[in-house]
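>>> Make a model of this:
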Amino acid sequence: MNPRLQHKVALVTGAGSGIGAATATRFAEEGAHVFLTDADFERVASVAATISAAGGRATARRQDVTDESDWNVLMQEIIDVKGRLDILVNNAGIVITGTVESTSLSDWRKTQAVNLEAVFMGTRAGVAAMKATGGSIINISSIEGIIGEALTAAYNASKGGVRIFTKSAALHCAQENYNIRVNTVHPGYILTPMVTEGIGSLSPDAGAEMHANLMREIPLKTMGEPLDIANGCLFLASDESKYMTGSELVIDGGYTCR
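Take a look at the predicted model:
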């Protein structure tokens, strides 16, 4: 059977670790030439080298996803080198904890810049690159783009924005007959550096309490792995999901069932 992404060209942002690294690796395993970007070039270059060593095709680039000119240069490079872009995963993101009272305006704006404005710029650039040939744009939101959490006010707002913005972009592409599908993925608690470092920043007692609370709240009684999200992205990137656009793929161990 042919690889599911044979002859496809993909771009994954925030691919230096966690979900981005796992997604880029899965795409390469399924035949795509993957462009991986991250603010930390050494980290993303290491992921690309591992993919190449396993027989995949990967190109690493440093990218500031909040810089519009960086998006323009990167997209032009991909078109110049490969002639097309078929898949875009807007994955780069940050979380700065804080309630509505304790979050500073600077932290709010930084969160929106990385998590929401960059997704807008990436989606816009992806549509421009794909509208003649079609493709799949996958925006990584979160379960916290669906439900609230008192300690992540700015993150909630950014991920909720990604969710509804994606539906707007999906409708536009459908109305223009671009054959571009635009969907969101909503990870739950996944064992990524962002989550483990967040828990690790707490005191031992607070960290243990948070972990115990999560195990009670997640019906499947375990946190997910980056590969779980990567496989969801693979489905949305492939032709198997050709009748999905503006949809939300929730991968959370049942957390949002309640």
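>>> what residues are up against residue 82?
Neighbour list for residue 82: 9, 33 [criterion: C-beta atoms under 8 Å, 6 or more residues apart in numbering]. No exception for glycine: its C-beta is placed from N, CA and C like everyone else's.
>>> That one and residue 76, how far apart?
Computed as C-beta to C-beta, to the nearest Å, the residue 82 to residue 76 distance reads 11 Å.
>>> With residue 180 instead?
Separation of residue 180 from residue 76 (C-beta to C-beta): 19 Å.
>>> distance of residue 24 from residue 218?
From residue 24 over to residue 218 the distance is 26 Å, taken as C-beta to C-beta.
>>> neighbour count winner among the two?
More neighbours surround residue 24 than the other of residue 24 and residue 218, with 35 against 18 (other C-beta atoms under 10 Å).
>>> Which strand or helix spans the more buried one?
helix 18-29 (DSSP states H and E).
>>> List the neighbouring strands of the helix or strand following that helix plus their orientation.
The helix or strand immediately downstream of helix 18-29 is strand 33-38, counting by DSSP H and E. Taking DSSP bridges as the criterion, strand 33-38 sits next to strand 9-12 (parallel), strand 57-62 (parallel) in its sheet.
>>> So for residue 147, which of the ones you listed sits nearest?
Across the strands paired with strand 33-38, residue 147 has its closest neighbour in strand 9-12 (25.9 Å, C-beta to C-beta).
>>> Tell me the pLDDT of the residue positioned nearest the centre of the chain.
What sits nearest the mean C-alpha location of the chain, by C-alpha atoms, centre = their mean, is residue 91, with 2.3 Å. Confidence at residue 91, expressed as pLDDT, is 98.
>>> so what's residue 228 up against?
Residues near residue 228 by C-beta under 8 Å, 6+ apart: 187, 190, 251.
>>> tell me the least confident of those residues?
Across the set of the contacts of residue 228, residue 190 stands lowest in pLDDT, at 95.
>>> ok, now which ones touch the nearest residue to it once chain neighbours are set aside?
Sequence neighbours aside, residue 224 is the residue nearest to residue 190 in space, at 4.5 Å (criterion: C-beta to C-beta, 6 or more residues apart in numbering). If a contact means C-beta under 8 Å, 6+ apart, then residue 224 has 187, 188, 189, 190, 191, 251, 252, 253 as its contacts.
>>> Who wins on neighbours among those residues?
In terms of neighbours by other C-beta under 10 Å, the contacts of residue 224 top out with residue 187 at 27 neighbours.
>>> could you list every residue that touches the nearest residue to that one once chain neighbours are set aside?
In this structure, residue 187 finds its nearest non-sequential neighbour in residue 229, 4.9 Å apart by C-beta to C-beta, 6+ apart. For residue 229, the contacting residues are 19, 22, 23, 140, 185, 187, 190, 251, by C-beta under 8 Å, 6+ apart.
>>> From residue 19, how far out is residue 229?
Distance from residue 229 to residue 19, by C-beta to C-beta: 5 Å.
>>> joint contacts of these two?
Residues touching both residue 229 and residue 19 (C-beta under 8 Å, 6+ apart): 140, 187, 190.
>>> Tell me the one of those nearest residue 115?
Within these, proximity to residue 115 (C-beta to C-beta) peaks at residue 140, which comes in at 9.2 Å.
>>> how about that closest one, what does it touch?
Per C-beta under 8 Å, 6+ apart, neighbours of residue 140: 19, 89, 90, 91, 93, 162, 184, 185, 187, 229.
>>> Am I right that the fifth one is in contact with residue 113?
It stands for residue 93. No. Residue 93 is beyond contact range of residue 113, at 10.9 Å (criterion: C-beta atoms under 8 Å).
>>> Okay then, goodbye and thanks.
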